[in-house]
Every structure is written in C-alpha cells, then in structure tokens.
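> Need coordinates for the following:
(chains A and B)
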Amino acid sequence: MKSGDLAELALRNLREALLRNSLTTLGVAVGVASLVAMLSLGVGLQELASKRLANSGLFDTVLVTSRRNLRDFNRSSADKSASLQKAQPLDDDARKAMALLPNVVEVYPQIRFPTEVRYNGNPFSTVVAGVPASARGNGAYDGMQGNFFSSPTAEEAILQIEFAKDLSDRPSTLIGKELIVRYVERQPLAPQSAPADPPTGKKADGSAAASANDTTNEGFSIVPREKKLRIVGIIETEPAAGFGGFGNGRLFIPLEVATALRAAQVTDLRDAVRTPSGKPTYANLTVRAKSPSQVEAIESSIKNMGFSTFSLLDATRNLRLFFTIFDLLLAIFGSLALAVATLGIINTLVMAILERRREIGILKALGAADLDVKQLFFVEAGVMGLLGGIFGVCMGWLIGRAVTWGTNLYLQRQNLPPAHVFSVPWWLVLGGIAFAVVVSLAAGLYPATRAARLNPVEALRYE
Amino acid sequence: MPPGNGFAVRTERVSRHYQMGSTMIRAVDDITLEVRAGEFLALLGSSGSGKSTLLNLMAGLDRPTSGAIFAQGRNLSELNSLELARYRSRTVGMVFQSFNLLPRMTLEENVELPLRLAEVDRAERATRVQEALLHVGLEKRLTHRPSELSGGEQQRAALARALVNRPPLLFADEPTGNLDSATGESIMVVLREIQRSLGMTIVLVTHERPLAEKFADRIASVADGKLVSDGVHP
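Sure thing, here's the model as predicted:
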C-alpha cells in the first residue's frame, strides 16, 4: 500500500476510537512532558551553574607562576633541579609571548594589596584588587548597583556589598561618594654607583613596568600614599576572576589604576631576596582563554615555555561528569511516565486488534499483505507517538515556564536575583518528539506483528 | 500437473485438515476439480460439507494441508504470503454471505479499498469505482454508508468492490445467504450478467440447489469434504 493511503487509513482508524486514542496519546504526552520537564531542569541548572562558574573566571583562566616560586616547595629535589634548569623569568617578554598564544584573550598580572580605607573620617581595613577592563563583559558585574568603571583609567571604585555595609548602614547611598585609599608605594632605590639610571622598563610600558616588581639588585623602599576614589558601584557577589584573581578583594579598582599606584604587595619581600635578573618580573600572571575547552592546550604551551601553571580543568571535567549523571538520573525518572504510557499504547492497539479482527480479515481477503497490516498498526502507533510527543514537549515547556516563574517569585521574596532554572533547547524538543515516536513504534511492534499474523479465514469468521 | 489452456483454477488432490483436540477434521479431502475460464461453477453442499473451505483454498485465503491448487499458471500452495496477497489482490474478487463492508466507510470508500491495496493511481480510482458501482446499479449511492443500505444493496456494493480491480476470478461464498429469495435472485442475476459481460470466471458456493441450477453453468457437489458429483448442468 502507498504511504499516503496508509497514513489516510491509519488516521481514519484513529478517529474511529477518538476518546480511547486521545487518552492514549495524552498518556504519551504526559510521559514526554515529564521527561522534557526533568531534562529541562537538568539542562537549565547545568547552564545556570556553567554560566555562573564561567563568569567567575575559574574555568577559563590559567594561573602562571615562575618555576622559581615557592609554589614548588613540595617537589622532590630532582624535580626541582630539572624544573629550575628550564625556569624562565616571568617578565614582560613572557607576558607578551603568552598573549600571542592561540585562543588567549588577555594576559594580566594579579594586583592585590592590603589597604586602609578612610570614609567619613573612619578607618576600615580591607584588600584592594585590580579589575581588568574585560571583566565588564563577563557577566560577573551584571545586576550590580551603580555602574562599572567609566574607563580603564578612571579613579573609581566598586565595593563588595559586605564591605559597603561596613561603610554604611544604607550601602546604596554610597554610590557617588568618595573614599580615600591609604597604601604603601614601592619605590626603587637608586643604585649607588649609577644614581641617574632609572629602573629597567619602568617608563617603556606604563602598565607592564608599573605592575612589575621593580626590584633590582639595589632593592626598594616603601612610602605611604593616599588616593581619592569615587564609588561607582556595589556588587552583591564576589566577582572572582580566576583563582586568587580578586580573592579576598573587597574594593575593586581598574587594573591600570592599580598598577599605576605601584602599591607594595605581599610577594615583594620574596622578590627582594631573590637573585636579580636585571629585569622587573611578575609574581604571577593570569591568562584568560576564549573558552574552558581551550585551557588545556594553552596550559600545555605555557608549560613548554618554562613556567608553572595551574587551572581548574579537572574541576570542569568533574562538573560535566556530575551533570551528565544528574541528567541521566532525571531522564530515567522522567522516562518512567513514558514507560507507563508505552503500556497504554500496547493496550490500545491490542484492543484495536480484537475490535478490528474482522476488518483485518476483510483487508487480507481484498489483497492486503501481512506487511500492509503491520504498517497500518505501526503508523497508528507512530501517529499517537508523534502527537503525544508534540503535545508533551509543549506541556513540558509550560511546566518549565511555571517552575521558572515560581522559582523567580520565591527568589524575589528572598531578595535574590532571578535565575533561569529551566532550559528547553532545540535538541531536547526534537529529541523528545523523536523519542516518543520511537517508543510508540516499539510499543506498536507486538500488536502490529500479531495483527499481521492473523489468519484471514479465522479473522473473517470473528463476530 | 499445471492446468492447460482453458482452465482458470484447478485443484489436484487437495486436502485441508484441522486438528480439533484429538479429532482430525477433514474439511476438504482429496478433491480434484477444474474450473474453466469464463465458467460459472456452483459448489453445492450442505452446511459443513467443506465447500467454503474449498473456496477459501482456491481464493488463496487458506493453504492446503496437501495437494496443489493451480491458478494463473502457478501453484498457490508454493506461494509465499506476499505472493498470495498479490494473487488475492490482482486475480481474485470475493463476495461473502455477510457482505463484509467496512461500516465506517462510505460506499465509495469501501469500493475504493481494493484499489488502494493494489496501489492503483489515485487519479484512476474514481473512474474505476464509478464504473464498478454502475455495474451493480449503485452509482448514485457513493456517499452512503453500509448501514444506510438494504441487504441487497450492501451485497451489490460488495460485488462492486469485488469487481473494481477487474479480476479474472470471482469467488462468491453464499452471497444470497443473508437475503430474502427475491433479493437473492436479483443478486444472482447481476452475477450472471457480470460473468457474461466481463467474461469472468465465477465460483459460487451455495446450499440452494434451485439457484445453482438456475444460474450456474456447472454444479459440483461436495459432502463431508469430498467431491461427490461434478457435472455440467443442462
């Protein structure tokens, strides 16, 4: 029989027992809706977690340190000597070389220093962290009160909410106000033999030279300084950009401003006693990749350049593993309803065989082959699966919308930002419908085979 | 031995036995019968004599336990189920005692059904359906459902359905069994006309000797699964 005729007859048969077939289709729809809703929740939560983690900068950054650093203290002596043989200074040349690596978005030093903030005449101890201009687009500052820095060199500050609460009972009123940051500036000591010689590279590249530890073999002195900054924003979360990026930072300023301050950092003392190379070096560098998937290759390249690296690549892998298992479990629970619906399809079609036994006999007497009869029941099962799948996906989507709405209502009452806990991607829509059709066809296999095998003479005798 | 020219169907020592518990039912037992092309043969017998079973075997609805059935130059007992379905679709038309029209379909759809199964082009179907219904005088009842027709009309519709694929063989199993005598006779008249006008071979199963004698070219009598007489009716 031609496929058009087959579909026409199947649809006619489905219309004949409209209520029963509708209920069976509804059963499939409920099963698919359950599956889609469960998986949408899993996908939504995964996307939410991935987005938050991506925004945190934990998974797309590589922390680079010199192999001469104390980080290697727990290595064996053989490893250390091998490592030191290949060790390269983490200087501006290295920074430029890393910036040229494929899929590297930016390379910047981490600048953090302890400070005393003066606001309304009162002192507050905290840690200042430099924020690169690129942080504006990573989503970590979305939903903040106020604005991001107006320019990379703006003398502005963003406060972390807890620190803002220390400054004022009404943090939102701080925006637009000024505060004073007190810190110690590092100043290189002039060499005794050649007092006119300025520190190497200091003026050649403002940010690089200034961010570097200006240590030469002559050492450095520290001088107390003050800087007036205008508060432009307050952020609710901790916008970490890579492990240790702004860690413990409660007051954020543009990275270029932070480097220009030449504030003394905790690593300065270590560098002061280290054998000098004659060039300013960085304590560490943060290398940001285009995406977490490129971190491994970048990390490998940097290691080959002679530096130590650290990333949370394994943590990303574990996260993916966790969500894969989570999605699998959700899919299994979601499929239980579909399994029940499958029994419904089998029951409906077996009942249809009993009711249409004589009709099957007539069809065979008129020339229908076993395959025609089998296909007819298959198409009926497939149509129920297709309609159930489409309807089920719509139901699943509606359930998702309702759960998202309810979740956001709850989050709003808890003074938390809204979140999309549900996500129905296209692959899930198409996959849900396809799965419903496949499951329905599988359910129709037994009834269709049974119908096809009916003896026409016996079927024609059936009353 | 396959039939020579002039035979539409030939059975050779064909048997159909059923096992019912410990009892062997010999519904058809060693029957050899030839039906000539264009002939109107009546298989006469009482209820349970095996005549319908023999008809089902010749129509390809059932398979013999032993023996051979030749039709269109082929042994039906050697055909696989798909080939047998094609034989039923393209070579055979069937009419049943209980009409066997599909109640939810209109007359037009019922008559069109064999054309769908034979994969006839959609464009050609309407003409063929109209033509078949014209043969039985129901050309104006296209949109009626079987429940809206009388018994005689239903049987004529079933006849139209059997004719629509223009098969060379028509098997009628007690086509007048559910009809009053006058209506039954009118159906027999239509059958006879069709046989003559289209040159079809008709095998009629009936237990009504007067009808068989009046319309058939030849009567073969079956009793207890055996062919007891086979003769040309004058």
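> Just say helix, strand or coil for the residue of the stretch 351-463 of chain A found nearest chain B.
Nearest to chain B in the stretch 351-463 of chain A, going by C-beta to the nearest C-beta, is A:Gly367, at a distance of 2.5 Å. C-beta coordinates here come from the backbone N, C-alpha and C atoms, glycine included. For A:Gly367, the reduced secondary structure class is coil; criterion used: DSSP: H, G, I helix; E, B strand; the rest coil.
> where's B:Leu227, which helix or strand?
Secondary structure assigned from DSSP states H and E places B:Leu227 in strand B:226-232.
> Name the single longest helix found in chain B.
Of all the segments assigned as helix in chain B under DSSP state H, the longest by residue count is helix B:181-198.
> What are the contacting residues of the helix or strand following it?
Beyond helix B:181-198 in the direction of the C-terminus, DSSP H and E gives the next helix or strand as strand B:201-206. In this structure, residues lying in contact with strand B:201-206 by C-beta atoms under 8 Å, 6 or more residues apart in numbering or on different chains are B:8-9, B:35-45, B:51-52, B:54-55, B:58, B:168-177, B:191, B:194-195, B:212, B:215-216.
> Could you pick out which of these are located in helices?
If you go by DSSP H, the contacts of strand B:201-206 have B:Lys51, B:Ser52, B:Leu54, B:Leu55, B:Met58, B:Leu191, B:Ile194, B:Gln195, B:Ala212, B:Phe215 in helices.
> Check the secondary structure at A:Gly143 for me.
Under the three-state scheme (three-state DSSP), A:Gly143 adopts coil.
> surely it meets A:Ala419?
No - look at A:Gly143 against A:Ala419 with C-beta atoms under 8 Å: they stay out of range, at 10.9 Å.
> Of these two, which one has the most company?
A:Ala419 (15 against 11; other C-beta atoms under 10 Å in any protein chain shown).
> how about the residues of chain B near chain A?
Proximity of chain B to chain A (C-beta under 8 Å from any C-beta of the partner chain) is limited to residues B:56, B:59, B:61-62, B:81-82, B:85-86, B:88-90, B:92, B:94, B:96, B:100, B:102, B:104-105, B:113-114, B:116-119, B:122, B:161, B:165.
> Please indicate which of the residues you listed are buried?
Using 16 or more other C-beta atoms under 10 Å in any protein chain shown as the burial test, those include B:56, B:59, B:61-62, B:85-86, B:88-90, B:92, B:94, B:96, B:100, B:102, B:105, B:113-114, B:116-118, B:161, B:165 as buried.
> and the longest helix of chain B with strand B:201-206, angle?
160 degrees (axes from the mean of the first three to the mean of the last three C-alpha atoms, to 10 degrees).
> What strand or helix carries the closest residue to chain A within chain B?
Among residues of chain B, the one nearest chain A by C-beta to the nearest C-beta turns out to be B:Ser89. It sits 2.5 Å away. Assigned by DSSP H and E, B:Ser89 falls within helix B:81-90.
> What is the helix or strand A:Ile325 falls within packed up against?
Element membership of A:Ile325 [criterion: DSSP H and E] is helix A:313-355. With contacts defined as 3 or more C-beta pairs under 8 Å, 6 or more residues apart in numbering or on different chains; DSSP states H and E, helix A:313-355 has these neighbours: helix A:18-56, helix A:295-304, helix A:370-413, helix A:426-452.
> okay, the ones you listed in CSV with mean pLDDT, distance to A:Thr115 and mean neighbour count next?
Supplementary listing: the helices and strands packed on helix A:313-355 in CSV, determined by pLDDT from 0 to 100; distance: least, C-beta to C-beta, whole Å; neighbours: other C-beta atoms under 10 Å in any protein chain shown:
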stretch, mean pLDDT, distance to A:Thr115, mean neighbour count
helix A:18-56, 82, 24, 21
helix A:295-304, 88, 31, 17
helix A:370-413, 90, 34, 20
helix A:426-452, 88, 49, 19
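> Of all those helices, which one is nearest A:Asp91?
Distance to A:Asp91, taken as C-beta to C-beta, is lowest for helix A:295-304 among the helices and strands packed on helix A:313-355, at 14.2 Å.
> any idea which helix or strand comes after the closest one?
The first helix or strand that comes after helix A:295-304 along the chain, using DSSP H and E, is strand A:307-310.
> Give the other helices and strands that that following strand contacts.
Contacting strand A:307-310 under the criterion 3+ C-beta pairs under 8 Å, 6+ apart are the following elements: strand A:61-66, helix A:295-304.
> what's the spacing between stretch A:119-138 and its chain's center?
Average the C-alpha atoms of stretch A:119-138, do the same for its chain, and the two points are 25 Å apart (C-alpha atoms, centre = their mean, to the nearest Å).
> For that stretch, the averaged confidence score.
The predicted model gives stretch A:119-138 an average pLDDT of 84.
> what's near enough to touch the spatially closest residue to A:Ile399 that is not a sequence neighbour?
Computed as C-beta to C-beta, 6 or more residues apart in numbering or on different chains, the closest residue to A:Ile399 that is not its neighbour in sequence is A:Ala37, at 4.4 Å. Under the criterion of C-beta under 8 Å, 6+ apart, the contact partners of A:Ala37 comprise A:Gly334, A:Met395, A:Gly396, A:Ile399, A:Gly400, A:Val403.
> give the contact list for the last one.
What that stands for is A:Val403. Contacts here follow C-beta under 8 Å, 6+ apart; on that basis A:Val403 touches A:Ala37, A:Leu41, A:Val421, A:Phe422.
> Most widely separated two among the residues you listed?
Checking these against each other with C-beta to C-beta, the farthest-apart pair comes out as A:Ala37 and A:Val421, at 11.4 Å.
> just to revisit the earlier point, output the helices and strands packed on strand A:307-310 as a markdown table; include the columns distance to A:Gly31.
Rendered in a markdown table, the data for the helices and strands packed on strand A:307-310 read as follows (distance: least, C-beta to C-beta, whole Å):
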| stretch | distance to A:Gly31 |
| --- | --- |
| strand A:61-66 | 43 |
| helix A:295-304 | 40 |
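> Out of those, which is closest to chain B?
Shortest distance between chain B and these, using C-beta to the nearest C-beta, is found for helix A:295-304: 58.0 Å.
> And the residue lying closest to B:Lys214 once chain neighbours are set aside, how far from B:Ser181?
The spatially closest residue to B:Lys214, leaving aside those adjacent along the chain, is B:Met188, at 7.2 Å (C-beta to C-beta, 6+ apart). From B:Met188 across to B:Ser181, the span is 10 Å (C-beta to C-beta, to the nearest Å).
> more crowded one of those two?
Between B:Met188 and B:Ser181, B:Met188 has the larger neighbour count (other C-beta under 10 Å), namely 23 against 11.
> pLDDT value on the more buried one, please?
90.
> same question, A:Ala352
For A:Ala352, the pLDDT comes out at 78.
> so what's it up against?
Under the criterion of C-beta under 8 Å, 6+ apart, the contact list for A:Ala352 reads A:Asn13, A:Ala17, A:Phe377, A:Glu380, A:Pro447.
> Go ahead and confirm A:Val424 touches A:Met395.
No - when contacts are counted by C-beta under 8 Å, A:Val424 is not listed as touching A:Met395 (11.3 Å).
> for the ones in helices among the contacts of strand B:201-206, which one is nearest A:Ser66?
Each of those was scored against A:Ser66 by C-beta to C-beta, and B:Met58 proved nearest at 97.8 Å.
> so that closest one touches B:Phe7, yeah?
No - contact criterion C-beta under 8 Å: B:Met58 and B:Phe7 do not qualify, at 11.8 Å.
> Please enumerate the shared neighbours of the two.
Going by C-beta under 8 Å, 6+ apart, residues that sit against B:Met58 and also against B:Phe7 are B:Val35.
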